[in-house]
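1. Sequence first, predicted coordinates after that:
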Amino acid sequence: MRRFKRLTSLLLASVMVLSLAGCGGKGEEATTEMVTEATEAATEATEEATTEEVDLEAMGNLIQNGDFAGGNSKWSVYTNGGICTSNVKNEELQVDIAKIGGVEHGVQIYQDGFALDNGVKYRFEFDVRCTMERDFDWRLQINGGDYHAYASQTITATTEMQHVSYEFEMTEASDPAPRLCFNMGYVDAMEEAGLSFVDMEEHTVWIDNVSLEVVDASGIVNDKVEVDVPKVKVNQVGYETEADKIAVFSDLAEDDTTFTVVDAKSGDVAFEGDITTPVENASAGEKNSKGDFSGLTKAGTYKVVTGGGEESYEFTIGGDVYAKSYNSVVKMLYLQRCGCELTEDLAGDFAHPVCHNTEAVVYGTDTKVDVSGGWHDAGDYGRYVVPAAKTIADLLLAFEENPEAFGDNCGIPESGNGINDALDEARYELEWMLKMQDPTGGVYHKVTCDVFPETVMPQDEVEELICAPISKTATASFAAIMAYAGRIYSENGDAEFGNKCIEAAKKAWTFALGNKKAKGYRNPSDIVTGEYPDTNSNDEYFWAGIELYKATGDTSYLAETKEAYAKVKSFGGFGWANISGYAEYAALTSDKLSSDDAAFYSEIEKNFFGAVDAALVTSKANPYMINKEDSYEWGSNLSIANTGMMFYLANNLKSNEEYIAYANAHLNYLYGVNATGYCFVTGVGTLYPEHPHHRPSEVLEKCMPGMLVGGPNSGLEDPYAKAVFVDYPAAKCYEDNAQAYSANEITIYWNSPLIYLLTATRK
Ligand SMILES: [Zn+2]
């Protein structure tokens, strides 16, 4: 097993995978060069593979605990409409099925954690019997996208124990993380035989001796296209003329101590400098050094070259280098719009008919409500109130910071209507949120179907929409963002909409105060879409109270606000769970508060800057100049973008050049100065994600531009990550693969702090 596996994981520690599929545009030219290099690497690897003798016997059974001697270990059950229990008795898997459900995976037993390699011949075997005669399917399938099978069979199980043996060759590209499934739901053969899944009686299936073995590896093809990521990391989009410019180097040779910045076309040297002494970076598994070329301010296209010949990707220096990226990062929110048609003139490839415009049922009732509109949250089509509030807050902060950056021509349907496009786009979501408030003032936590959609376009998710129960977290977040928005719209010529928002905020606030003791939101057992749970709502109450105080000038809000604030555990939070930072910034930008309650004001100030300065200390210690230590969580790029935003906001309150420098360092990280070498924003730079976990991009086989992906996640929280990232250093737990959804998904609220950062940078 080990010797064989080495062939498919060659070079993985030092190289990242580059896909051949191009998004087109600016990145394509550079991609061609990289593919040539990658093909050479792959050729070498193939030669090595064919000359190495593979020890088949030592590899053994690729399925773990196939004989069930270890009980249920390594085996999992999934149901979709079916009902079953599974147990291991006498070292045999016993599945008691009460209902099979209406789809083939209505009842499913599965296992991950093995690989299938192109050109290899396998034998798949198992034993099966049943209390009655029935058809079921086994499948070795891709674990994502269209879930198609690499190998599969329909088997008729009977009361007699039956031995199944099937040989096949893996003819598709190698898959490091496929899934083995026994589908015991309503399989095609049943439907073809005219059987009804409803009438299926209760029965039991036994499975044993599951085995997947290599029978011939002589034809193995190493088809993994790999590319050396440069040892010189730069912002792949570029640097503003006057900004700090620092390249980060990884694992240079000891005598490689100088660098030049050369004109990309002529090769002329534009700058020369020394490389700093390398330092150990445990979280990235490498040694890093730096080269500062901030002194180079001449506009142009360059690359950084070390004395030892290591080169960066090309980048530009000039004014407004983010203009192209900015347009697509802002436009992404429009492309995520739900409940309306996206027209081809504005949405291009991502145009689609109206989606999700049927009424939603209120969970546990027969009541139906119109909650159409808003933005699809992420790679799925759920719409969630709590992260929506964060997204709008970022957009409104960006608008306040630099309204001219948006203007009235972002290419959305409202462009040219005389209203700033940031306000138009935010209003699309706010109008949806207003529909999510029920007459009591409480706000539904989210609207989704009961399960995540298949890999389909939004208009093709047509199952019943469900409003999940009201939660205090959603209600308090709603109160906060409605009060904030109400103030902004009122100040910018739309008092009518502004007042509507503030009235909705007041109703939500009253409801939230009356339900302070309610438990935090948890999904009902029959809803399995994104949960966005939050056990501590004091930060939401603090935010709501301070925004209502600011919007109305009414000091009576302060008592409840201070009570919630006293219970806030962590400051400077800009995530969807801890949103204390928004409340603190709102408070610290209120002159009225500093005179109404100077002591409260200065306590908030002390705590906010405590969080800011702690982030600064951590950022200075990190070789990539970011606020990260040993681990990278799901959506690590969110915390990177949030920290950058926090530094800018801090600078607004108390001018400090270091805050700006480190805000830019966080932006540089997102655009390429990181251990993976990726520019994490789709469609710009040289090496950027082309296969994010994002259903429209997957269906259309075209990557939507302007999306910030989640980034490295050392928690290994999806089957692909568990199978492939095991030996990766924390800061490199990332691949551009749609199956790796815990590292390569996208969301509106990862884009939104990036919108803020870019808006602030473009001043
Ligand atoms: Zn939709």
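-> That came through, no problem.
2. how many neighbours does the residue of the stretch 151-300 of the chain found nearest the ion have?
-> Residue nearest to the ion within the stretch 151-300 of the chain: G185 (27.2 Å; CB to the ion). Every C-beta, even on glycine, is put in place using the N, C-alpha and C of the backbone. A count of nearby residues for G185, using other CB atoms under 10 Å, gives 26.
3. In this structure it contacts N80, no?
-> Yes. Counting by CB atoms under 8 Å, N80 is a contact partner of G185 at 7.2 Å.
4. Find residues that contact each of these two.
-> Residues touching both G185 and N80 (CB atoms under 8 Å, 6 or more residues apart in numbering): G101, V103, H105, G106, Q108.
5. Reformat these as CSV; add secondary structure and pLDDT.
-> Below are the shared contacts of G185 and N80 laid out as CSV (DSSP: H, G, I helix; E, B strand; the rest coil; pLDDT from 0 to 100):
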residue, secondary structure, pLDDT
G101, coil, 93
V103, coil, 92
H105, coil, 93
G106, coil, 94
Q108, strand, 96
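6. Which parts of the stretch 601-750 of the chain are helices?
-> For the stretch 601-750 of the chain, the helices defined by DSSP state H, counting those that start in this stretch cover 636-653, 657-670, 695-700, 719-724, 741-744, 748-761.
7. out of these, nearest to I246?
-> Using CB to CB as the measure, helix 657-670 is the one of the helices of the stretch 601-750 of the chain that comes nearest I246, at 7.6 Å.
8. how many other residues sit next to the residue in the stretch 501-650 of the chain that the ion sits nearest to?
-> Scanning the stretch 501-650 of the chain for the residue nearest the ion gives T529, at 13.3 Å (criterion: CB to the ion). Residues within reach of T529, counting by other CB under 10 Å, total 21.
9. sec struct for it, please.
-> Here T529 is recorded as coil under DSSP: H, G, I helix; E, B strand; the rest coil.
10. Identify the residues contacting whichever residue of the stretch 201-350 of the chain sits closest to the ion.
-> Closest residue of the stretch 201-350 of the chain to the ion, CB to the ion: C338 (3.1 Å). Contacts for C338 (CB under 8 Å, 6+ apart) come out as C355, H356, S372, G373, G374, W375, H376, Y381, R383, W432, P458.
11. quick one: pLDDT of the first one?
-> Reading off the per-residue confidence, C355 sits at a pLDDT of 98.
12. And for the fourth one?
-> For G373, the pLDDT comes out at 98.
13. Could you find the closest non-adjacent residue to it?
-> W432 (3.6 Å; CB to CB, 6 or more residues apart in numbering).
14. Please apply the same query to the first one.
-> Excluding the flanking residues, the one nearest C355 by CB to CB, 6+ apart is P458, at 3.7 Å.
15. Return the backbone torsion pair for the one you found.
-> phi -60, psi -40 (degrees, to the nearest 10).
16. and it, what pLDDT?
-> P458 is given a pLDDT of 98.
17. need the contact list for it.
-> P458 neighbours (CB under 8 Å, 6+ apart): C338, H352, C355, H356, H376, Y381, R695, P696.
18. what about the one residue in the stretch 1-150 of the chain that gets nearest to the ion, neighbour count?
-> Using CB to the ion, the closest approach of the stretch 1-150 of the chain to the ion is made by G145 at 19.8 Å. If you count neighbours by other CB under 10 Å, G145 ends up with 17.
19. My read is that it contacts E698, right?
-> Yes. Assessed by CB under 8 Å, G145 is found in contact with E698 at 5.6 Å.
20. where do the contact lists of the two overlap?
-> T455, A738.
21. can you pull the contacts of the residue sitting furthest away from the middle of the chain?
-> Distance from the centre of the chain peaks at E160, with 47.6 Å (CA atoms, centre = their mean). E160 sits next to R129 when contact means CB under 8 Å, 6+ apart.
22. now it, what's its secondary structure?
-> coil.
23. all strands of the stretch 201-350 of the chain, in order?
-> Using DSSP state E, counting those that start in this stretch, the strands of the stretch 201-350 of the chain run over 203-216, 226-228, 232-233, 238-240, 246-250, 258-263, 269-274, 279-281, 286-292, 300-306, 315-318.
24. could those strands be laid out in CSV, adding distance to L687 and mean pLDDT?
-> Below are the strands of the stretch 201-350 of the chain laid out as CSV (distance: least, CB to CB, whole Å; pLDDT from 0 to 100):
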stretch, distance to L687, mean pLDDT
strand 203-216, 33, 96
strand 226-228, 8, 69
strand 232-233, 11, 98
strand 238-240, 15, 97
strand 246-250, 15, 98
strand 258-263, 20, 98
strand 269-274, 23, 98
strand 279-281, 20, 97
strand 286-292, 17, 98
strand 300-306, 14, 98
strand 315-318, 12, 98
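25. so which of those strands gets nearest A479?
-> For A479, the closest of the strands of the stretch 201-350 of the chain is strand 238-240, at 38.1 Å, according to CB to CB.
26. which secondary structure elements does the closest one contact?
-> On a contact count with 3 or more CB pairs under 8 Å, 6 or more residues apart in numbering; DSSP states H and E, strand 238-240 meets strand 315-318.
27. Paired strands for the strand it packs on, with orientation please.
-> Strand 315-318 has the following strand partners under DSSP bridges: strand 238-240 (parallel), strand 300-306 (antiparallel).
28. Which residue is the nearest non-sequential neighbour of the residue of the stretch 501-650 of the chain closest to the ion?
-> Distances taken as CB to CB, 6+ apart place T448 nearest to T529, at 3.9 Å, with adjacent residues excluded.
29. That neighbour: neighbour count?
-> Counted with other CB under 10 Å, the burial measure for T448 works out to 27 neighbours.
30. you'd agree it is up against Y381?
-> Yes. Contact criterion CB under 8 Å: T448 and Y381 qualify, at 7.4 Å.
31. what's the pLDDT at the nearest residue to G106 once chain neighbours are set aside?
-> Once flanking residues are discounted, G106 sits nearest to G185: 2.7 Å by CB to CB, 6+ apart. We have a pLDDT of 96 for G185.
32. Name all residues that make contact with G185.
-> So G185 contacts 80-82, 100-108, 197 (CB under 8 Å, 6+ apart).
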